[in-house]
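Colleague: prediction below, plus the sequence it came from.
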Amino acid sequence: MEKFFKLKEHNTNVKTEVLAGITTFMTMAYILAVNPSILSATGMNGNAVFLATAISAGIATLVMALIANLPFALAPGMGLNALFAFTVVLGMGYSWEMALAAVFIEGLIFIVLTFLNVREAIINCIPIGVKKAVSVGIGLFIAFIGLYNGGTGVVQLGTPQSVPLVLGKFSANSPALLIIIGLVLISVLLILKVHGALLIGIIVSTLIGIPMGITHVPTEWALNFNLSEIAFKFDFSKILSVDMLVVLFTFLFVDMFDTVGTLIGVSTKAGLLTSDGKVPNAKQALLADAIGTTVGACLGTSTVTTYVESASGVSEGGRTGLTAFTTSILFFLAIFLSPLFLMIPSAATAPALILVGLFMMSPVKDIEWNNYLESIPAFFTILMMPLTYSIAEGIAFGMTSYVILHLLTGKAKDVKILSYIITIFFIIDFILKS
């Protein structure tokens, strides 16, 4: 493990990495319950989707661990699954088989773009000020996820109505009370410098939730290993229609910049960025994402992407692929121990996510706030991520404002050509959504 994952080089050890991997899994295990719930609205078999979710997450995260050696976990993305189910299938009237075909094509396109270094070039052309802001924006975004999902359930991409006033919803068995208990517990552990504070907080909160009626102890261990109803069920008959081209573009756009944003933000927090602001092994990390999406589509689930909850493991000291390897193993184990993992309520993981938001804020001090060409795009990046409930939208606002401000202030030559091209795509996307 020392040689393969280069633990000493990253100033870490096996215990730290394993604890970090467990923490990452705990904070994103909700996807095992949520993804089947969302995709089953299209008529897909929920038990089969659970299996596809666990396997695709396990494979993609394992690839991340072994070829990129980065502490990032992957799974079918929130927002992308809502886009799949509620927009493409239920909204536009296409079959889920056709939507899966679009996801499959997306994965293949990403594999090609990764080998051509296009996606890596996109990461490298993002201004350093925006890169620093991405980490901060993700911090607010992930805290928002914790506050909102912990008390009210799932929020669809871009449609949060309002953040619940957690403090105003106290009762003896309310999720809000459990969130506050968890926040206090983890905060005390962090102040006392207890290693594994986030993981301890999640486990203790889960146990406290049992007498409160929030944590539901499983009564049966029924397993379903049947993927035949959804695996490889592609429908390519109308894949070249205008609507489906728009859908494919949307899948590509959201996944690309969600992944780019997560890689930059979490790498910044972990101190993994190179001296010139590049993500190490970015090509391999993006390849893991592309392979995950392709494999996930074959198994029968929506787009697989890098999870912002990886920040929780990084906050526990995770720095190498051993963190991701641990998370991957837990996804595979979840297939056999699904009732145990699914009993963890969102109110128990919410405090960890909220405080991870705090950890992600530190790069804000490195932004040159007096240099408005840097600080204004950075500000828009930070602001728009939680407001739009999208990492991709935050980057879009930051990059677009960066390019426009340089054009209007006579500094157009300081902007890379690829930045202009990307901004044009952002503007097209804005127009299509309006």
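Modeller: Nice, I can see it. Just so it is clear, the model here is predicted, and its values are computed rather than measured. Residues are numbered from 1 along each chain as shown.
Colleague: where does this protein dip in pLDDT?
Modeller: Residue ranges of the chain with pLDDT under 70: 79, 149-172, 221-225, 434.
Colleague: where do the strands of it begin and end?
Modeller: Assigned by DSSP state E, the strands in the chain fall at 74-76, 304-306.
Colleague: who are the packing partners of the last one?
Modeller: So that's strand 304-306. helix 46-63, strand 74-76, helix 242-270, helix 282-299 (3 or more Cβ pairs under 8 Å, 6 or more residues apart in numbering; DSSP states H and E). (Each C-beta comes from the backbone N, C-alpha and C, glycine too.)
Colleague: name every strand pairing with that strand and say which way it goes.
Modeller: Note on strand 304-306: by DSSP bridges, its sheet partners are strand 74-76 (antiparallel).
Colleague: give me the contacts around the strand it pairs with.
Modeller: Contacts with strand 74-76, where a contact means Cβ atoms under 8 Å, 6 or more residues apart in numbering, come from 28, 31, 35, 53, 56-57, 60-61, 64, 288-289, 292, 296, 301-307, 331.
Colleague: just stretch 124-135 next, same as before
Modeller: Counting by Cβ under 8 Å, 6+ apart, 260-261, 264-266, 268-269, 273, 277-278, 282, 360, 362-364, 366-368, 371, 374-375, 377-379, 381-382, 391, 394-395, 398-399, 402, 416, 418-419, 422 sit against stretch 124-135.
Colleague: nearest residue to Leu39 in space, please, no chain neighbours.
Modeller: Among residues not flanking Leu39 along the chain, Val49 sits closest, at 4.8 Å (Cβ to Cβ, 6 or more residues apart in numbering).
Colleague: run a quick neighbour tally on the one you found.
Modeller: 27 (other Cβ atoms under 10 Å).
Colleague: what does Lys433 give?
Modeller: Lys433: 9 neighbours (other Cβ under 10 Å).
Colleague: cool, Ile329 as well?
Modeller: Neighbours of Ile329 (other Cβ under 10 Å): 18.
Colleague: buried deepest among the strands of the chain, which one?
Modeller: strand 74-76 (a mean of 32; mean count of other Cβ atoms under 10 Å).
Colleague: circling back to that earlier point, can you flag the buried ones in the contacts of strand 74-76?
Modeller: 28, 31, 35, 53, 56-57, 60-61, 64, 288-289, 292, 296, 301-307, 331 (16 or more other Cβ atoms under 10 Å).
Colleague: now for Phe25: which residues touch it?
Modeller: 73, 326-327, 330-331.
Colleague: tell me which of the residues you listed is nearest to Met256?
Modeller: Met256 has its nearest neighbour among those in Ala73, at 18.3 Å by Cβ to Cβ.
Colleague: what sits against the residue most central in space within the chain?
Modeller: Residue closest to the average C-alpha location in the chain (Cα atoms, centre = their mean): Tyr307, at 2.4 Å. Residues near Tyr307 by Cβ under 8 Å, 6+ apart: 24, 28, 31, 72-75, 77, 262.
Colleague: and those as a markdown table, adding distance to Met343?
Modeller: Formatted as a markdown table, the contacts of Tyr307 follow (distance: Cβ to Cβ, whole Å):
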| residue | distance to Met343 |
| --- | --- |
| Thr24 | 18 |
| Met28 | 15 |
| Ile31 | 15 |
| Phe72 | 26 |
| Ala73 | 20 |
| Leu74 | 23 |
| Ala75 | 19 |
| Gly77 | 23 |
| Thr262 | 27 |
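Colleague: quick one, what contacts the closest residue to Gly296 other than its chain neighbours?
Modeller: Nearest residue to Gly296, sequence neighbours excluded (Cβ to Cβ, 6+ apart): Ser56, at 3.6 Å. Counting by Cβ under 8 Å, 6+ apart, Ser56 touches 75-76, 292, 295-296, 299, 301, 304.
Colleague: picking up where we left off before, quick one: closest of the strands of the chain to Ile202.
Modeller: Once the strands of the chain are compared by Cβ to Cβ, strand 74-76 is nearest, at 17.2 Å.
Colleague: returning to what we had before: looking at the strands of the chain, spot the one closest to Ile335.
Modeller: strand 74-76 (13.5 Å).
Colleague: next, the contact list for Phe104, please.
Modeller: Phe104 neighbours (Cβ under 8 Å, 6+ apart): 234, 294, 297-298.
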